[in-house]
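Visitor: just need the structure, nothing else, for what follows:
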Amino acid sequence: MGGRKTEYSIELHTDQLEWLKKMRLAYGLFDESKALRVILDYVMETADPSVIFEEIRCSHCHRVGNQD
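Guide: Sure thing, here's the model as predicted:
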């Protein structure tokens, strides 16, 4: 798709980054950033935000709640 990109740093849990790495390798993507952009593009085009953000489905949230 190309286009202009902006560098932005985020924190991920180790298993989340490992999953992105697996997806990058499985689908021949340039890097993990591309894998995440593919996911974001799909979600932005197809998903209802309330379905994503109103239900907690975080395997890491048992420690600090929904904001981690």
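
Visitor: where does pLDDT dip in the protein?
Guide: 1, 62-68 (pLDDT under 70).

Visitor: now the helices: where do they sit in it?
Guide: With DSSP state H as the criterion, the chain has helices at 14-27, 32-46, 49-53.

Visitor: and residue 7, which of those helices is closest to it?
Guide: The closest of the helices of the chain to residue 7 is helix 32-46. By C-beta to C-beta, the value is 9.0 Å. In short, each C-beta sits where N, CA and C put it, glycine included.

Visitor: packing partners for that closest one?
Guide: If contacts are counted by 3 or more C-beta pairs under 8 Å, 6 or more residues apart in numbering; DSSP states H and E, helix 32-46 sits against helix 14-27.

Visitor: which residues does residue 20 contact?
Guide: By C-beta atoms under 8 Å, 6 or more residues apart in numbering, the residues touching residue 20 are 12, 32, 35-36.

Visitor: just flag the most distant two among those residues.
Guide: 12 and 35 (11.5 Å).

Visitor: quick one: which of the two has more around it?
Guide: Using other C-beta atoms under 10 Å as the criterion, residue 12 and residue 35 rank with residue 35 on top: 20 against 12.

Visitor: rewinding a little: in a markdown table: the contacts of residue 20, plus distance to residue 19.
Guide: Output for those, formatted as a markdown table (distance: C-beta to C-beta, whole Å):
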| residue | distance to residue 19 |
| --- | --- |
| 12 | 9 |
| 32 | 9 |
| 35 | 9 |
| 36 | 10 |
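
Visitor: wait, which of the residues you listed is closest to residue 26?
Guide: Distances from residue 26 to the contacts of residue 20, taken by C-beta to C-beta, are shortest for residue 35, at 9.3 Å.

Visitor: isn't that closest one right next to residue 26, touching?
Guide: No: counting by C-beta atoms under 8 Å, residue 35 stays clear of residue 26, with 9.3 Å between them.
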